[in-house]
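In: Got a sequence here, can you model it:
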Amino acid sequence: MKVLVIDNETPIREGIVSMLELFCPEVEQIGSANDIPSGLQQIRQFKPDLLLLDVELDEGTGFDLLRQLTESHFQLIFITAHDKYAIEAFRFSAIDYLLKPLDPDALALSVQKAAKNLKNQDLSEQISYLLGRMAAPQDTPKRIILKDTEHIYYLRCAEINFCEADGVYTKFHLENGRVITVSKNLKEYEQILEPLGFLRTHNSFLVNPEKILRFEKSSERLILEQNLSVPLAHRKKELVLRILEQRGG
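Out: This next block holds a predicted model:
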């Protein structure tokens with residue numbers, strides 16, 4: 001796998017290159033650039049399989065670089081220090097990101113995922129969605145993009161019944177009966193979906209409140225549309241029922 005690192009800080013860029021050499025056996029060739037013009041040139045000439053792209057560059061941002069690309073035949077991982085809105089946008093668009101200072105284990109894991117996803121070459125819709133979120137970070141998103149090793153899914157948040165934790169994975173249970181399993185934990189999606197009203201009813205469940213029909217006292221479960229049900233943890237019960245009453249009131 002060919003990896004291109006674009007970062008304007010020389011020590012950080014060289015450190016990433018060293019970590020790739022030491023901890024990422026999938027990587028066979030490494031290129032680097034320090035700004036938008038050299039980055040664009042390297043993308044065209046080096047043709048990377050994976051791009052590690054810094055958010056803040058001297059003459060603009062990594063988003064500015066993406067806007068100048070006509071094709072995106074590579075996997076993409078953003079590198080960022082603290083940009084809250086950018087992180088939110090990355091999550092919604094299913095584009096991976098790493099926080100500075102980079103952790104070698106996190107880098108190795110992201111590279112491994114990128115290597116598995118190389119067959120998913122079409123990043124155009126993910127990037128388009130990302131740039132749209134960056135342009136209007138306060139807007140409530142109507143879609144979320146999920147990615148597994150085989151497919152990229154563009155879902156309306158309204159079609160999600162609930163999310164279920166499965167170890168380090170999360171299962172999305174959809175209104176058409178489909179279940180999509182993705183390799184991120186439930187906490188990650190709680191941070192994305194809670195601002196949209198989704199409720200953490202249990203350690204293992206995150207529920208779309210629009211799908212809830214009633215609460216059954218005898219079983220301590222919430223009954224959803226399509227005869228689905230999820231548990232309501234005792235410690236969550238008072239808060240969740242109060243929120244549901246307010247929504248109905």
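In: Quick one: the helices in the protein, in order.
Out: 10-23, 36-46, 62-67, 84-93, 104-116, 124-135, 186-193, 234-248 (DSSP state H).
In: any chance of these in CSV, plus mean neighbour count, mean pLDDT and distance to S219?
Out: Every C-beta, even on glycine, is put in place using the N, C-alpha and C of the backbone. Shown next, in CSV, are the helices of the chain (neighbours: other Cβ atoms under 10 Å; pLDDT from 0 to 100; distance: least, Cβ to Cβ, whole Å):
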stretch, mean neighbour count, mean pLDDT, distance to S219
helix 10-23, 15, 96, 48
helix 36-46, 16, 95, 56
helix 62-67, 18, 91, 48
helix 84-93, 19, 79, 33
helix 104-116, 17, 91, 38
helix 124-135, 17, 80, 39
helix 186-193, 17, 91, 22
helix 234-248, 12, 87, 13
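In: so what are the domain limits for the chain?
Out: As given by automatic domain parsing, the domain ranges for the chain are 2-135, 150-248.
In: Can you say which of the ones you listed is nearest to K142?
Out: K142 lies closest to domain 150-248 among the domains of the chain, at 6.1 Å (Cβ to Cβ).
In: Off-centre distance for that closest one?
Out: Offset of domain 150-248 from its chain centre (Cα atoms, centre = their mean, to the nearest Å): 18 Å.
In: picking up where we left off before, possible to save the helices of the chain as JSON lines with distance to K2?
Out: Output for the helices of the chain, formatted as JSON lines (distance: least, Cβ to Cβ, whole Å):
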{"stretch": "helix 10-23", "distance to K2": "11"}
{"stretch": "helix 36-46", "distance to K2": "7"}
{"stretch": "helix 62-67", "distance to K2": "18"}
{"stretch": "helix 84-93", "distance to K2": "22"}
{"stretch": "helix 104-116", "distance to K2": "11"}
{"stretch": "helix 124-135", "distance to K2": "19"}
{"stretch": "helix 186-193", "distance to K2": "28"}
{"stretch": "helix 234-248", "distance to K2": "47"}
